[in-house]
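J.: Starting from these lines, generate the structure:
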Amino acid sequence: MAANLKTDVLVIGGGIAGVTAAYLLKKAGKSVILVERGEIGTGETGHTTAHISYPTDIRLKDLVHKFGRDHAQAVWDAGMAATEQIATNAAEADIECELRRVPGFLFAAADADDDEPERLRKDAELAAELGFDAAYVPEVPLAEVPGIRFANLAKFHPQKYLLGLAKRIPGEGSHLFEHSNVSEFKEEPRHVICNGHTIHYQSVFLATHVPLQGVKNTVSAALLQTKLALYSTYVIGARAPRGSLPEALLWDTADPYLYLRIDRQPDCDYVIIGGADHKTGQEAHTESCYASLEDKLQRYTPQARPDRRWSGQVIETLDGLPYIGPYGEHQFIATGFSGTGMTFGTLGAMMFRDYVLGATNPWQDLLSVERKKLSSTWDYLKENKDYPYYLLKDLFKSSSTDPVSSLPPGEGKLLLCDGKKTAVYRDEDGKVTKLSPTCPHMGCTVGWNASERTWDCPCHGSRFTAQGELMGGPAETGLTPMK
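T.: All right, here's what the predicted structure looks like:
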């Protein structure tokens, strides 16, 4: 940005929800400005395994139990509508993003009890009764155990898709700005400060994984964040001989569940396997997560050889459904997508488009941020015990008295420097970075994630680079440098 601007719609966040929303509203005739702190598609959308799936993480029978048959069907219908929207966008914008329709398989976990096959059979029957193309199968490919086959799931290359949409946003009064950080929200008139310049807007979409506070007061923002739980998830990519594996999406019934994606590539079949989820910042030995995935990779696809790995983050809500809707005056959010970020992120964009255009959306009440249907008080307390626990634990936990010189290259550690607890990192060239270990969100102490080389907060899941730069909220600023 090099000047002050005015727009109908401001979108903050360049992931699946934000880019899709900007594209749809530009197509609808609105002026749009999209701002992204980093680069398009490099946040959580860039770390996804990109399952385009209408079955939700929460099992269908549990959806029916919590919300009733009609609402459960509506949630899966929403996933199907989002799948079709992705296909429509890719076709209209002429994007080659490797979009493929494939079957999906839910299969019994390795440690499932003897009743799991019957539960799966009943789930398949229920899905079929509600109009979905689902069938019980006695043996799922690769897993060789009972499961459910779902038709018309899909997969794609998310970054190619987003970049294809993003190219069509600028022009005719619309703009897209990368490396642009929103630092302040102002009311009357509505505007934000971004890279030192002003953007005036009519409506704003906070499409930032964890929503920014925006125009909400601190208490309201904190209350929303108590309804969100951030989990780290791990992924391994592996190559197998071409034609040796079925092209499909698979996931099991465990909690946390294992998920696989098989891609047919010109020179190989590529396996993407993920899982080993845990609350961000609460696993001291993250290498064990990758080790667990390697064991499962060899169990299900022994012919595959790993060649890369990465991690991502998903947000769970109290009742298993995302929060999508108005969040303050002229402000809209979409968050809590669980493991179905491609479909729910797209759905969030569709719902924001309807909100801006004044159209009724069939899912606006069901997914409302203010919906009354919540999980039990016990679930709420269980998900929110981390803040007081880790805050108190950190007060009494001592830092290492080892000298900074003892820290190996590429490692981080909490050390006592000049009498102060300090987050210290030494890079591969020997340069030392010293940071305050206090998370700027609510004051907890971050911990070192050795496998990802990040500082992670165990209370609410904020993540920071080894140099202290913010990777993901709910914190909105990075760690403070120390001398």
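J.: Which residue, other than its chain neighbours, is closest to the residue positioned nearest the centre of the chain?
T.: Ranked by distance to the mean C-alpha position of the chain (C-alpha atoms, centre = their mean), the top residue is Val314 at 3.9 Å. The shortest distance from Val314 to any residue that is not its chain neighbour, by C-beta to C-beta, 6 or more residues apart in numbering, is 5.3 Å, and that residue is Tyr231. All C-beta spots, glycine's among them, are computed from the backbone N, C-alpha and C.
J.: Can you pull out the low-pLDDT segments for this protein?
T.: Low-confidence regions of the chain, defined by pLDDT under 70, span residues 213-219, 373-400.
J.: can you list the domains in it?
T.: Using automatic domain parsing, the domains assigned to the chain come out as 5-47+160-226+320-379, 100-155+229-317, 388-472.
J.: How far does the helix or strand where the residue nearest to the centre of the chain lies sit from its chain's centre?
T.: Assigned by DSSP states H and E, Val314 belongs to strand 305-317. Relative to the chain's own centre, strand 305-317 is displaced by 10 Å; criterion: C-alpha atoms, centre = their mean, to the nearest Å.
J.: List the buried residues for that strand?
T.: Neighbour counts using 16 or more other C-beta atoms under 10 Å place 306, 309-317 of strand 305-317 among the buried residues.
J.: Then stretch 156-170?
T.: Buried-residue list, stretch 156-170, by 16+ other C-beta under 10 Å: 156-166, 168-170.
J.: How about stretch 445-452?
T.: Applying a neighbour-count criterion of 16+ other C-beta under 10 Å, the buried positions in stretch 445-452 are 445-449, 451-452.
J.: circling back to that earlier point, out of the buried residues of stretch 156-170, who's nearest Ala284?
T.: Sorting the buried residues of stretch 156-170 by distance to Ala284 puts Pro158 at the head of the list, at 30.7 Å, by C-beta to C-beta.
J.: residues contacting that closest one?
T.: Taking C-beta atoms under 8 Å, 6 or more residues apart in numbering, we find Pro158 in contact with 16, 41, 45-46, 48, 50, 97, 342.
J.: isn't the residue nearest to the centre of the chain right up against Met342?
T.: No: with contacts counted by C-beta atoms under 8 Å, Val314 stays clear of Met342, the gap being 11.9 Å.
J.: Who are the packing partners of the longest helix along the chain?
T.: Ranked by residue count, the top helix of the chain under DSSP state H comes out as helix 69-92. When contacts are defined as 3 or more C-beta pairs under 8 Å, 6 or more residues apart in numbering; DSSP states H and E, helix 69-92 sits against helix 16-27, strand 51-52, helix 60-67, strand 147-155, helix 158-166, helix 341-357.
J.: just the angle between it and helix 16-27, please?
T.: Between helix 69-92 and helix 16-27, the angle comes out at 60 degrees (axes from the mean of the first three to the mean of the last three C-alpha atoms, to 10 degrees).
J.: picking that back up, would the residue nearest to Val314 count as being in a strand?
T.: Yes: when classified by DSSP: H, G, I helix; E, B strand; the rest coil, Tyr231 is found to be part of a strand.
J.: so what secondary structure elements neighbour the one helix or strand Ser183 maps to?
T.: If you go by DSSP H and E, Ser183 is part of strand 182-186. For strand 182-186, the elements it packs on are strand 191-194, judged by 3+ C-beta pairs under 8 Å, 6+ apart.
J.: ok, the strand it packs on: who's next to it in the sheet?
T.: Using DSSP bridges, the strands paired with strand 191-194 in its sheet are strand 182-186 (antiparallel), strand 197-200 (antiparallel).
J.: which element follows the last one toward the C-terminus?
T.: Just to be clear, that refers to strand 197-200. Going down the chain from strand 197-200, the next helix or strand is strand 203-206, by DSSP H and E.
J.: Could you check whichever helix or strand comes after that following strand and say which residues are buried?
T.: Using DSSP H and E, the next helix or strand after strand 203-206 towards the C-terminus is helix 218-225. Buried residues in helix 218-225, counted by 16+ other C-beta under 10 Å: 221, 224-225.
J.: now, among those residues, which is nearest to Arg353?
T.: The shortest distance between Arg353 and any of those, using C-beta to C-beta, involves Leu224 and amounts to 22.3 Å.
J.: So what's the residue count around Ala284?
T.: By other C-beta atoms under 10 Å, the residues close to Ala284 number 11.
J.: got the phi/psi numbers for it?
T.: Geometry field for Ala284 lists phi and psi as phi -70, psi -30, criterion degrees, to the nearest 10.
J.: coming back round to it: angle of the longest helix of the chain against helix 60-67?
T.: Inter-element angle recorded for helix 69-92 and helix 60-67: 120 degrees (by the same axes, to 10 degrees).
J.: contacting residues for the residue nearest to the centre of the chain?
T.: With C-beta under 8 Å, 6+ apart as the criterion, the residues that contact Val314 are 44, 230-231, 233, 277, 337-339, 341.
J.: give me that answer again for 6 Å
T.: The contact partners of Val314, by C-beta atoms under 6 Å, 6 or more residues apart in numbering, come to 231, 233, 338-339.
J.: again, but for Ala238
T.: Ala238 touches 271, 297, 304-306, counting by C-beta under 6 Å, 6+ apart.
J.: Swap in 10 Å and give it another go.
T.: Neighbouring residues of Ala238 by C-beta atoms under 10 Å, 6 or more residues apart in numbering: 268-273, 293-294, 297-298, 301, 303-309.
J.: now swap in Gly147 and tell me
T.: Under the criterion of C-beta under 10 Å, 6+ apart, the contact list for Gly147 reads 104-108, 116-117, 120-121, 123-124, 136-141, 250-253.
J.: is it in a bridge, and if so with what?
T.: According to DSSP bridges, the partner residues bridging Gly147 are Phe107, Val137.
J.: Strands of the stretch 351-483 of the chain, residue ranges please.
T.: According to DSSP state E, counting those that start in this stretch, the stretch 351-483 of the chain carries its strands in the segments 411-417, 420-426, 432-435, 447-449, 454-456, 463-465, 470-472.
J.: Any idea how many residues pack against Glu96?
T.: Once other C-beta under 10 Å is used to define contacts, Glu96 is seen to have 11 neighbours.
J.: three-state assignment of it?
T.: Classification of Glu96 into helix, strand or coil gives coil, according to three-state DSSP.
J.: check contacts around it.
T.: 90, 156-157, 160-161, 164.
J.: Mind doing that once more with 7 Å?
T.: If a contact means C-beta atoms under 7 Å, 6 or more residues apart in numbering, then Glu96 has Lys160 as its contacts.
J.: Quick check: phi and psi at it.
T.: Its backbone dihedrals place Glu96 at phi -90, psi 100, with angles given as degrees, to the nearest 10.
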